[in-house]
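K.L.:
The amino acid sequence is not available; the structure is as follows:
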């Protein structure tokens, strides 16, 4: 009889990728085990690229009407037919404990609290925190696995077709840029009460970055990345750059990909530049050269994993960092941790990561 484990993490794309490192660890040290994953709605295609996950289940909403909703009853019945040896909840909010209780498993465990009593950031990357309980329980050796994505060749062919349809040369160097931010896109309604763009790098900085890189190598092509909600931001950047540099090859792919196609497109980039958002962590999992722009968020927790030498991060060292999730974040008006990052800082990192990009 096959041993099975169920991992539960209902976060956004980056959180889920970090949590998937626990599946990689289980498969590495218990290759006979099948690992299922219960994730948030919209991430099913992500698990097509995660070889360590056998089956993915997705919740249509995070606030589950435990015990009453017909959908909930159907989900639990289906999970309990899998006969799990292990059910591991990687959510820190106690409201998800009824979910763990409802799943039948020989052994159940939780990740525990991610913060200390003062609410300060942990010094450990999230993937390490997700894997530590498995070490402590004696289920695996004390080892660290990175999130891993593998692109299907069919999706790779789709990515090539997309680039051609957008008027780009798939064989010439491609630079991926993600000016938008998932937090900004999801929380626009909060702007009435507090800023939702503290992770974002100003649009004029993105324009300066493209101009500086294009000036050094006219063969470079640029792809603006993101979801459908990023089209407005990308459109403004694209319009201004087209007027300033008529020969520039820059296109907007926002909203034109599903997750599997996004992974395949990322795999074709010579460099990917992004703020702290999901696609940055996909690039890290694909081992694509990346530059992450970090400001208010808890870098020690949410840093791309694996870190250098695959990619690099540009961030300042200010006494107010990190402020994410604190009263300081709500009071912040100047956003100097992102405003003071200059395009030249990013170009310098890019030159270190991939010198060939500047040999036009």
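P.N.:
Good, I have the coordinates. Being a predicted model, the structure only gives us computed values, none of them experimental.
K.L.:
what's the burial count for the residue nearest to residue 45 when sequence neighbours are not counted?
P.N.:
Take residue 45 and drop its neighbours on the chain: the residue closest to it by Cβ to Cβ, 6 or more residues apart in numbering is residue 259, 3.9 Å away. For every residue, glycine as well, the C-beta is placed using N, CA and C. Residue 259 is flanked by 21 other residues according to other Cβ atoms under 10 Å.
K.L.:
just residue 41 next, same as before
P.N.:
11.
K.L.:
wait, it sits on residue 58?
P.N.:
Yes - assessed by Cβ atoms under 8 Å, residue 41 is found in contact with residue 58 at 5.0 Å.
K.L.:
Can you report how many residues lie near residue 234?
P.N.:
Residue 234 is flanked by 25 other residues according to other Cβ under 10 Å.
K.L.:
Let me know the pLDDT of it.
P.N.:
At residue 234 the predicted local distance difference test score is 94.
K.L.:
For residue 250, see how far away it is.
P.N.:
The gap separating residue 234 from residue 250 is 10 Å, by Cβ to Cβ, to the nearest Å.
K.L.:
Overlap of the contact sets of those two?
P.N.:
residue 224 (Cβ atoms under 8 Å, 6 or more residues apart in numbering).
K.L.:
Can you pull out the low-pLDDT segments for the stretch 51-200 of the chain?
P.N.:
Counting by pLDDT under 70, the ranges of the stretch 51-200 of the chain that qualify are 62-68, 113-122, 182-197.
K.L.:
which residues of the stretch 151-300 of the chain fall in strands?
P.N.:
Under the criterion DSSP state E, counting those that start in this stretch, strands of the stretch 151-300 of the chain are mapped to 174-178, 221-224, 249-252, 271-275, 290-293.
K.L.:
Make CSV out of these and add mean neighbour count.
P.N.:
What follows is the strands of the stretch 151-300 of the chain, written out as CSV (neighbours: other Cβ atoms under 10 Å):
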stretch, mean neighbour count
strand 174-178, 24
strand 221-224, 24
strand 249-252, 20
strand 271-275, 26
strand 290-293, 26
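K.L.:
Nearest to residue 315, out of the ones you listed?
P.N.:
Among these, strand 290-293 comes nearest to residue 315, with 7.4 Å by Cβ to Cβ.
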